[in-house]
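Q: need coordinates for the following:
(one chain, ligands or ions: 1)
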Amino acid sequence: MELDDHAEDLASDLGVDKEEVKSDLQNLVEYSVPVDEAKQSLRRKYGDGSSGGGGTPSAKNVADITPDDGNVTVTGVVLTAGKRSIRYQGSEHVIVEGRLADETGAIDYTAWEDFGLSPGDTITAGNAGVREWDGEPELNLGESTALSFQDETPEIPYEIGGEAQLADLQTGDRAVTIEVTVVDCERRTIDGRDGETEILSGVFGDESGRLPFTNWDPAPEIEEGGSVRIENAYVQEFRGVPEVNVSEFSTVSRLEREIDVGADATTMDVGEAVRTGGVYDVELVGNVIAVRDGSGLIQRCPECYRVVQKGQCRTHGDVDGIDDLRVKAILDDGTGTVTVVLDDELTEDVYGGTLDDALDQAREAMDQEVVADTIREHIVGREYRVRGHLSVDEYGANLDAETFEESDDDPVARASAFLEEVDA
Ligand SMILES: [Zn+2]
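A: Have a look, this model is predicted:
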C-alpha cells in the first residue's frame, strides 16, 4: 500500500482532511516510525472512536493476537526484559525488549517507556499497540499503555529468563543469557557515532557451537581463553550472519567452570542452510559443479584489497595489483547451491602448488587463466565436505571456507583414489 492509500484510508475513517493526515503520516514515516504504528498514533490524535480513542480494547489471549489488531489488552508473565539504546529522532533512547507469555503463547514486546519490567513479573498491559514484524505480531508498550503489575502468576509453559545455547540464537533475539568461552578476541578502534571508540570483537563458543560477537563497551572479563556468563545480550545480523551484541546494559561475569566448545559444526543441506539466511559455522556436503570467473591467479588492489580487473580498481583506478590466489566454486547437493570461497592457502591445496608455481605457469602459458583451468580439472565433478561461514545477502549465498576436503563417503572418489594408489 502506498502512503497515499494509507492517508485516504485514515482520512475516510476519521472524517478529516486527507492532505492533513498525509502530511502527518509522512512526517512520522520519515522518522522511521513503522507505518502501522504511525496510523495508530494518528487515530489517537484525531480521536477515532473505534480503537484507542478513549475506550480500552478488549482483553485477548496472547495466541489470539494478530498483526491486524490495532490495540489490545493483555495479561502475561515477562519472560525476558533487555535494555538497549537506540537512536530515534536524532537522540538516544533506552528501550526494553523481550518476550511476554500467558497460558496460550508468547509474544515479543518493545517498551518505549521505563515501566521497570523484570523477568518473572506478571503484568496487564492495557491498550498495548500491536505491530507486525517479519509477519508476526509484536506488542508496543508506550505512552498510551496502562501498565499494572499483578500478584497472581498464571501457569505458563515457558521458562522465565533468556538462557540459551549459541546454536539456538537467531537474529532478532533479545535479552539472552549465555555461558561461553571467548575463543577469539581482538580490540579495535572504530569511528562510532560519538567519534573514535574502542570495541572488542571475536568469537564465542559453547557446547553447541560458535558465534561472532561485538562488545560495544569493552568488559574486562571478556578476554581470549576466559569463560564468562553474559546476561542481557542481543542478536543482530552482521555481514549476513547472526552476531551476539554485548552492550553497556549487559552484565558480564567470570565463570569458574570450563566450557567445552563443540568441535562439530552443524551439518545441513545446502537449501536448508541458505534458507536460514546465514550461519556462522556450518558444514555442507556437495558436488563442485563449476569454478567461477575470478578464480585462480588474481590481482588485488594494494589500497583496499579488492580484486582488480585489468589493473583497474573500482575505487582507486589504475593500480599495481598484488598477486593472490583464490577459488570461487559452485557447490550443489541437489537441494540448492552456494558459492564456496577458498582463501590462498586452501587454493594452494586444490591447485597443488604455491603462488610462485602459479605465476610460473601463467608466464609460460602467457595467460593467467591456465591456473583457474588447472583448478577446474582438479575439483569440478568431485564431492566435497566444506565447513565455514555462510552469508546470504544481495550478492547471493557465499560460504567462506575454513576447511575444504574431498568427501570420503563418495564411492566414486573413493574408487578413483584407490585406482590412483594401484597405479602408483
Ligand atoms: Zn582499491
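
Q: after the lengthiest strand in the chain comes which helix or strand?
A: Ordering each strand of the chain by length in residues (DSSP state E) puts strand 176-192 first. Downstream of strand 176-192, the next assigned helix or strand under DSSP states H and E is strand 195-206.

Q: neighbouring strands of whatever helix or strand comes next after that following strand in the sheet, and parallel or not?
A: Heading C-terminal from strand 195-206, the first helix or strand you meet, by DSSP H and E, is strand 209-215. Looking at strand 209-215 with DSSP bridges, its partner strands are strand 195-206 (antiparallel), strand 241-246 (parallel).

Q: past strand 209-215, which element shows up next along the chain?
A: By DSSP H and E, the next helix or strand past strand 209-215 is strand 227-238.

Q: name the helices or strands packed onto that following strand?
A: strand 82-88, strand 176-192, strand 241-246, strand 251-254 (3 or more CB pairs under 8 Å, 6 or more residues apart in numbering; DSSP states H and E). Any C-beta I mention is one placed from the backbone N, CA and C, and that applies to glycine too.

Q: residues of the stretch 201-350 of the chain that sit close to the ion?
A: Residues of the stretch 201-350 of the chain lying near the ion by CB under 5 Å from the ion: 301, 303-304, 313, 315-316.

Q: mark which of the residues you listed are buried, thanks.
A: 301, 313 (16 or more other CB atoms under 10 Å).

Q: can you redo the helices and strands packed on strand 227-238 as TSV with mean pLDDT and mean neighbour count?
A: Converted to TSV, the helices and strands packed on strand 227-238 look like this (pLDDT from 0 to 100; neighbours: other CB atoms under 10 Å):
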stretch	mean pLDDT	mean neighbour count
strand 82-88	83	16
strand 176-192	92	16
strand 241-246	92	22
strand 251-254	95	14
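
Q: dump those to JSON lines, plus distance to Ser144.
A: Formatted as JSON lines, the helices and strands packed on strand 227-238 follow (distance: least, CB to CB, whole Å):
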{"stretch": "strand 82-88", "distance to Ser144": "17"}
{"stretch": "strand 176-192", "distance to Ser144": "29"}
{"stretch": "strand 241-246", "distance to Ser144": "30"}
{"stretch": "strand 251-254", "distance to Ser144": "31"}
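
Q: can you say which of these is nearest to Asp393?
A: For the helices and strands packed on strand 227-238, the distance to Asp393 is smallest for strand 241-246, at 10.0 Å, taking CB to CB.

Q: now the closest one, how far from the chain's geometric center?
A: 7 Å (CA atoms, centre = their mean, to the nearest Å).

Q: give me the residues contacting that strand.
A: Strand 241-246 is contacted from outside by 166, 169-171, 176, 178, 204, 211-217, 219, 222, 230, 233-237, 252, 278-280, 389-391, using CB atoms under 8 Å, 6 or more residues apart in numbering.

Q: give me the domain ranges for the chain.
A: The chain is divided into the following domains under automatic domain parsing: 3-46, 62-150, 166-254, 266-296+324-423.

Q: just put those in a markdown table and tack on distance to Val308.
A: Shown next, in a markdown table, are the domains of the chain (distance: least, CB to CB, whole Å):
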| stretch | distance to Val308 |
| --- | --- |
| domain 3-46 | 38 |
| domain 62-150 | 37 |
| domain 166-254 | 22 |
| domain 266-296+324-423 | 10 |
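
Q: confidence-wise, which of these is weakest overall?
A: Between the domains of the chain, the lowest average pLDDT goes to domain 3-46, which shows a mean of 74.

Q: just how off-centre is it within its chain?
A: That offset, for domain 3-46, works out to 32 Å (CA atoms, centre = their mean).

Q: for the residue in the stretch 151-300 of the chain that the ion sits nearest to, what are its contacts?
A: Closest to the ion within the stretch 151-300 of the chain is Arg300: 8.3 Å, counting by CB to the ion. Arg300 sits next to 306-308, 321-322, 324 when contact means CB under 8 Å, 6+ apart.

Q: distance check, the residue nearest to the spatial centre of the chain against Pro137.
A: With distances taken as CA atoms, centre = their mean, Glu237 lies nearest the centre of the chain, 2.4 Å away. From Glu237 across to Pro137, the span is 21 Å (CB to CB, to the nearest Å).

Q: please apply the same query to Tyr351.
A: Distance from Tyr351 to Pro137, by CB to CB: 53 Å.

Q: who's more crowded, these two?
A: For the pair Tyr351 and Pro137, the greater number of neighbours falls to Tyr351 (25 against 18), based on other CB atoms under 10 Å.

Q: so the nearest residue to that one once chain neighbours are set aside, which of the three states?
A: Spatial nearest neighbour of Tyr351, chain neighbours left out: Ile375 (5.3 Å); criterion: CB to CB, 6 or more residues apart in numbering. Of the three states, Ile375 takes helix according to DSSP: H, G, I helix; E, B strand; the rest coil.

Q: tell me how far Ile375 lies from Gly388.
A: 18 Å.

Q: how about Glu196?
A: 32 Å.

Q: these two: who's more crowded?
A: More neighbours surround Gly388 than the other of Glu196 and Gly388, with 25 against 8 (other CB under 10 Å).

Q: beta-bridge partners for the more buried one, please?
A: Val282, Ala401.

Q: likewise for Ser253?
A: Beta-bridge partners, per DSSP bridges, of Ser253: Arg229.

Q: contacts only, for it.
A: So Ser253 contacts 221, 228-229 (CB under 8 Å, 6+ apart).

Q: contacts made by stretch 60-75 with the rest, please.
A: 36, 40, 43, 51-52, 56-59, 76, 100-107, 122-132, 135-137, 139, 150, 154.

Q: work out the gap between it and the centre of the chain.
A: 28 Å.

Q: what's the first-to-last distance across it?
A: One end of stretch 60-75 sits 8 Å from the other (CA to CA, to the nearest Å).
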